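In: Task: produce atomic coordinates for the following.
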Amino acid sequence: MRNRQPCVYILASSRNGTLYTGVTSNLLARSWQHRNDVVEGFTRHHHVHQLVWYEMHDSMESAISREKAIKKWNRAWKLRLIEKTNPCWRDLYSDLIP
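Out: Residues are numbered from 1 along each chain as shown. I've put the predicted structure just below:
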């Protein structure tokens, strides 16, 4: 995985827990920031640290568009999206580390 590539991601506090959808150009760095509570905000306050789903994009515009669409989805749709590729809700962060 390239260090800089547009990406949409979903973090969870635990299996079926609180979800957070975001977009970034550097998934490894952004995931590390969430895991280590570097930035104040929703993920820090709600202890949302596990990377449970992500999707790479060719452009930041398409990633942002997808993020906005997913944020409008109901919870059941987001759960299905996660479980389609990650049925055990495994934390995918270690997969990103070279």
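
In: Look up how far Ser14 lies from the residue nearest to Thr24 when sequence neighbours are not counted.
Out: Leaving aside its sequence neighbours, Thr24 sits nearest to Arg30 (C-beta to C-beta, 6 or more residues apart in numbering; 4.0 Å). C-betas here are computed from N, CA, C, even on glycine. Here Arg30 is placed at a distance of 20 Å from Ser14 (C-beta to C-beta, to the nearest Å).

In: quick one, which of these two is more surrounded?
Out: Arg30 (19 against 12; other C-beta atoms under 10 Å).

In: Wait, that one touches Leu11, no?
Out: No: counting by C-beta atoms under 8 Å, Arg30 stays clear of Leu11, with 9.7 Å between them.

In: list the residues that contact both of the two?
Out: In terms of C-beta atoms under 8 Å, 6 or more residues apart in numbering, Arg30 and Leu11 are both contacted by the residues Gly22.

In: Please identify the helix or strand for the residue nearest to Thr24.
Out: helix 27-35 (DSSP states H and E).
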